[in-house]
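Student: Sequence first, predicted model second:
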Amino acid sequence: MPRYEFRCRTCDDTFEVSRPMAESSAPADCPAGHADTVKLLSAVAVGGTSSGAPAPASMGGGGGGCCGGGGCG
């Protein structure tokens, strides 16, 4: 189940709520009971490897672009 992060505007506490995606924009009371909360935007990492090592460099001759620097045209 996804976790959503909220911040209480009254006590400035940050907390997480687990709920279904269908309820992602529903308001949440802070653990101290305050109702004036705001949902925070969370940055998530997508993709990559679990080893933490950087991705290997392309052997296509450098440059990048859609064809590895080969001049798409």
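Tutor: Here it is on my side, so go on.
Student: which stretches of the protein aren't confidently modelled?
Tutor: Segments of the chain classed as low confidence (criterion: pLDDT under 70) are 44-46, 48-73.
Student: quick one, helices of it?
Tutor: Remark: helices of the chain are absent; assignment by DSSP state H.
Student: quick one: contacts for the nearest residue to P31 once chain neighbours are set aside?
Tutor: Leaving out its chain neighbours, the residue that sits closest to P31 by CB to CB, 6 or more residues apart in numbering is F15, at 5.7 Å. Yep, even glycine has a C-beta here, placed from its N, CA and C like the rest. Going by CB atoms under 8 Å, 6 or more residues apart in numbering, F15 touches E5, F6, R7, C8, A28, C30, P31.
Student: T37: neighbour count?
Tutor: 20 (other CB atoms under 10 Å).
Student: so it bridges to which residues?
Tutor: Taking DSSP bridges as the rule, T37 bridges to C8.
Student: Pull up the gap between the residue nearest to P31 and M21, please.
Tutor: F15 is 19 Å from M21, where distance means CB to CB, to the nearest Å.
Student: now C11
Tutor: 27 Å.
Student: quick one on the thing from earlier: what's the distance between the residue nearest to P31 and H34?
Tutor: According to CB to CB, F15 and H34 sit 11 Å apart.
Student: Residues that sit against both of the two, list them.
Tutor: Common neighbours of F15 and H34 are listed as C8 (criterion: CB under 8 Å, 6+ apart).
Student: out of the contacts of F15, which are buried?
Tutor: Neighbour-count burial (16 or more other CB atoms under 10 Å) applied to these gives F6, C8, A28, C30.
Student: need the residues you listed in TSV with distance to V38, can you?
Tutor: Listed next are the buried ones among the contacts of F15 as TSV, based on distance: CB to CB, whole Å:
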residue	distance to V38
F6	7
C8	8
A28	10
C30	10
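Student: Just those residues: which are in strands?
Tutor: F6, C8 (DSSP state E).
Student: count of residues packed around the closest residue to T10 other than its chain neighbours?
Tutor: Leaving out its chain neighbours, the residue that sits closest to T10 by CB to CB, 6+ apart is H34, at 4.0 Å. Neighbour count of H34, defined by other CB under 10 Å: 13.
Student: That'll do, ta.
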